[in-house]
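Asker: After the sequence you'll find the predicted model.
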Amino acid sequence: MATRLTIDPITRIEGHLRVDVEVDSGAVSKAWASCTMWRGIERILIGRDPREAWFFTQRFCGVCTTVHAMASVRAVEDALKLEIPLNAHLIRNLILIAHALHDHIVHFYHLSALDWVDVTQVPLADPKKAAAAVQGLSNWTGNSAEVMAQTQERVKGLLATGQLGIFAHGYWGHPAMKLSPEVNLVAVAHYLQALEFQRKSNQIVAILGGKTPHIQNMAVGGVMNAVDLDSQAALNLDRLFMIRGLFEEVTRFVREVYFPDVCLIAGLYNDWFDYGAGHKHYLAVPDLPTDTLGKRFDLPGGVLFDARLADVKPMDVAGDAQFRANVVEDVTHAWYRGRGAQAPWAGETVPEYTDFHDDGKYTWVKAPRYDGKPMEVGPLADVLVGYASKHARTVKWLDSALGLVSTFAGKPIGVDKLPSTMGRHLARAVRTAILAELALEHHQKLVDNVLSGDLATFVPPVFPSGEVQGVGVHEAPRGTLSHWVVIENGKLTNYQAVVPTTWNASPRDVDGVGGPYEAALLGNPIAVPEQPLEVLRTVHSFDPCMACACHAYDPRGNRLATIRVR
Ligand code: NFE
Ligand code: MG
């Protein structure tokens, strides 16, 4: 007989997510993903000046704020067919990279590592053996036996108090936790060190954006940063080289710590390459433009169905004609008025709450579809699309990752294993390594362009009379983001955001086909129904952000981690 589990809320994510699963013979047989919060910022935007929309849309989320500023101004620029200066593209690109490096480091260590790492095993480790286990992987000074011993003392002190603080509420001692005490110690040491490096990366966002979260420097037509090499009040060489120094430190952490750690944990938990695949349809948009016309990009985009790499459909232009024609959002099972799907430019956001109905409406997240299919977005989509289109950096870093993972696993792990729970973590590490490399290149492009005498950062937008529509796309840390605007006589008449987590946390559609989380959970083993660690592993592998997905917050406050087993 099937057992129903309700996990509400799922923690170590952004926002409020409830997941229900039915477990039959030790494995998940049915799944529902439900977002339990709503605010409806899109409705606030109607009638406003499109030039100020980015300021509001950033408030969709407190995690990926920059991305909603960028997608918003790009949507308006697309509607106006506005060509913006190269410096503006490059400054936006550096913010994209710095924000993503921060976000991916935080996701692995602080939001998901504790699904795999048992902190309570740390006192059993031999610090010398722990250091020896990773010293062959890199020259990182934070891998010494002294650092491991100090970390162990800190953790012992915490455990002795009986109040685990940031390590409270883990599924400690769960039978699916399989690392040795030494690897647990290394992971906890790097968890603590990672706090420093995610902060340094975010500092770059603050320097370029004026503050973070919620940057201040965006504009329809470019960026508001003044570039003046002789002024202390503008973006000058001092500032540019401070940014470079920070990127160098973060890049080193990515190469010497984060990337090898993910490969190690993936190798040791290689059975998780066999769970969590889902539908295997992937969508990514190109980003990091390197010219003012948006014809060349350093990150590739494209569409893949059934993980058939040979049939990848590349997307050469950000938001190409196919993308504009193929994206719809279905509200059959979401708490909005109506049934069936609409294109975003014609989409509406009218709430209609009905309580949770397994076969009816059960979430605030709409169901986006591309060519009728539920698409997974995020680093796994980026890496598979990049690999399929022979993007040189993706091939280089993925081959390197798979080589390391195979060594740790003691058996070959190929690209065919990527559609999986562990594949998502590995792909995120690959994307991070690519971005770390591109950080220094894009920084150099900006320095070279400024030194050549080009100081332009802005062109003023001009609004035509009559109606225009535009789409702004951006490859955010959690995947493809698109903002869709309709503007009439200089005022917004519609605004729809189709967000990465909206794609991934999508409910069933009018045909009853579930979204990527729901599909990925099917078949996951559940060792202890009262401690559904495996559900967390698969859901966390996507890096959920419900605030983005529905653009909301819960004003009523919430229960803390309640698990109801029926
Ligand atoms: Ni709120 Fe986001 C990202 C966007 S969510 S974190 O990345 O856009 O899907
Ligand atoms: Mg939306």
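Answerer: Alright, I've got the coordinates. Note that the structure is predicted; figures quoted are calculated from it, not measured. Ligands and ions are numbered 1, 2, ... in the order given.
Asker: in the stretch 201-350 of the chain, what residue is nearest ligand 1?
Answerer: Per Cβ to the nearest ligand atom, residue 213 is where the stretch 201-350 of the chain lies closest to ligand 1, at 10.1 Å. In short, each C-beta sits where N, CA and C put it, glycine included.
Asker: Am I right that that residue falls within a strand?
Answerer: No. Checked against DSSP: H, G, I helix; E, B strand; the rest coil, residue 213 lies outside a strand; its state is coil.
Asker: Not counting sequence-adjacent ones, nearest residue to it?
Answerer: Nearest non-adjacent residue to residue 213, counting by Cβ to Cβ, 6 or more residues apart in numbering: residue 65, 4.4 Å away.
Asker: which ones are touching the one you found?
Answerer: Each residue near residue 65 by Cβ atoms under 8 Å, 6 or more residues apart in numbering is listed here: 58-59, 212-215.
Asker: now, among those residues, which is nearest to residue 424?
Answerer: Set against residue 424, the nearest of those by Cβ to Cβ is residue 213 (24.2 Å).
Asker: Would you tell me which residues of the stretch 151-300 of the chain are close to ligand 1?
Answerer: Counting by Cβ under 6 Å from any ligand atom, the stretch 151-300 of the chain comes close to ligand 1 at no residue.
Asker: so where do the strands sit in the stretch 151-300 of the chain?
Answerer: Using DSSP state E, counting those that start in this stretch, the strands of the stretch 151-300 of the chain run over residues 218-219, 222-223, 282-284, 287-289, 297-299.
Asker: Check the ones you listed for me and report the most buried one.
Answerer: When the strands of the stretch 151-300 of the chain are scored by mean count of other Cβ atoms under 10 Å, the highest mean neighbour count falls to strand 282-284 (a mean of 29).
Asker: Which residues of the chain lie near ligand 1?
Answerer: Going by Cβ under 6 Å from any ligand atom, the residues of the chain near ligand 1 are 14, 61, 63-64, 67, 476-478, 481, 499-501, 545, 547-549.
Asker: Inside helices: which ones of the residues you listed?
Answerer: Of the residues of the chain next to ligand 1, the ones assigned to helices by DSSP state H are 67, 500-501, 547-549.
Asker: which residues sit in contact with the residue positioned nearest the centre of the chain?
Answerer: Compute the mean C-alpha point of the chain, and by Cα atoms, centre = their mean the closest residue is residue 478, 2.2 Å away. Residue 478 makes contact with 64, 377-378, 500-501, 504, 542-545, 548, according to Cβ under 8 Å, 6+ apart.
Asker: 7 Å instead?
Answerer: Listed by Cβ atoms under 7 Å, 6 or more residues apart in numbering, the contact set of residue 478 reads 64, 378, 500-501, 543, 545.
Asker: now, the most widely separated pair of those residues?
Answerer: Spanning the widest gap among the contacts of residue 478 are 64 and 378, at 11.8 Å by Cβ to Cβ.
Asker: how far away is residue 423 from residue 273?
Answerer: Residue 423 sits 6 Å away from residue 273, going by Cβ to Cβ, to the nearest Å.
Asker: hmm, I was thinking of residue 115
Answerer: According to Cβ to Cβ, residue 115 and residue 273 sit 15 Å apart.
Asker: And for residue 405?
Answerer: Counting by Cβ to Cβ - residue 405 and residue 273 are separated by 9 Å.
Asker: Comparing these two, which residue is more hemmed in?
Answerer: The residue with more neighbours, out of residue 405 and residue 273, is residue 405; 26 against 23, by other Cβ atoms under 10 Å.
Asker: Report the next helix or strand after the helix or strand where the more buried one lies in sequence order.
Answerer: Per DSSP states H and E: residue 405 is located in helix 392-409. As assigned by DSSP H and E, the chain's next helix or strand after helix 392-409 is helix 421-451.
Asker: I'd like the average pLDDT over that next one.
Answerer: Helix 421-451 comes out with an average pLDDT of 98.
Asker: again, but for stretch 172-182
Answerer: Mean predicted confidence for stretch 172-182 is 96.
Asker: Between the two ends of it, how far is it?
Answerer: 16 Å (Cα to Cα, to the nearest Å).
Asker: same check, this time on stretch 158-176
Answerer: First residue to last in stretch 158-176 (Cα to Cα) measures 24 Å.
Asker: Could you do stretch 208-227 as well?
Answerer: 11 Å.
Asker: Now find how far off-centre that stretch is within its chain.
Answerer: On the basis of Cα atoms, centre = their mean, to the nearest Å, stretch 208-227 sits 22 Å off its chain's mean C-alpha point.
Asker: Let me know whether residue 185 touches residue 121 as I believe.
Answerer: No. Taking contacts as Cβ atoms under 7 Å, residue 185 lies outside contact range of residue 121: 8.0 Å.
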